[in-house]
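Engineer: Okay, predicted coordinates and the sequence, questions at the end:
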Amino acid sequence: MNRLLCVIAIGSITSLLVAGSARAEFLNGKIAEINANTQTLTLVRVNPSTYKKEWLRVKVKGAQFKGIASLSDLKSGDELSVEAGQNIFTHEWSAKSIQHFETKPV
């Protein structure tokens, strides 16, 4: 009986870690910083819930790029929409896809 409870507990914890490790969200904002060495970018946006400006560091390794070929095509100030998941334990963001928006002078 104890062995069965232990197996059930380990299975439940594993399921929680795998299924609940990230929540997906679209992050829209401007690039504040790009770090090619760590494959991260810092995005500045207004939080839609609190209406406060926030800076989010997003890992981009393995992300699908749309409108650009790679991280090296981006620069500070570019507008992006990033589909990313946030690990609920570490709070780190990891990009799944990055959409670059062209901003045209008026």
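Structural biologist: That came through fine. Numbers count the residues shown, from 1 in each chain.

Engineer: Could you list which residues are in contact with Asn28?
Structural biologist: Neighbouring residues of Asn28 by Cβ atoms under 8 Å, 6 or more residues apart in numbering: Arg45, Glu79, Leu80, Ser81, Val82. Just so you know, the C-beta spots here come from the backbone N, C-alpha and C atoms, and that holds for glycine as well.

Engineer: Show me what secondary structure element comes after the longest strand anywhere in the chain.
Structural biologist: Ranked by residue count under DSSP state E, the longest strand found in the chain is strand 22-35. Going down the chain from strand 22-35, the next helix or strand is strand 40-46, by DSSP states H and E.

Engineer: okay, how far is it across stretch 29-42, tip to tip?
Structural biologist: 10 Å (Cα to Cα, to the nearest Å).

Engineer: Can you point out the buried residues in that stretch?
Structural biologist: Gly29, Ile31, Ile34, Thr40, Leu41, Thr42 (16 or more other Cβ atoms under 10 Å).

Engineer: now that stretch, how far from the centre of its chain.
Structural biologist: Here stretch 29-42 shows a centroid-to-chain-centroid distance of 12 Å under the convention Cα atoms, centre = their mean, to the nearest Å.

Engineer: ok, and what's touching it?
Structural biologist: Here stretch 29-42 makes contact (Cβ under 8 Å, 6+ apart) with 43-46, 55-61, 71-72, 74-80.

Engineer: Stretch 82-91 now?
Structural biologist: Against stretch 82-91 from outside (Cβ under 8 Å, 6+ apart): 20-28, 43, 58, 63, 92-99.
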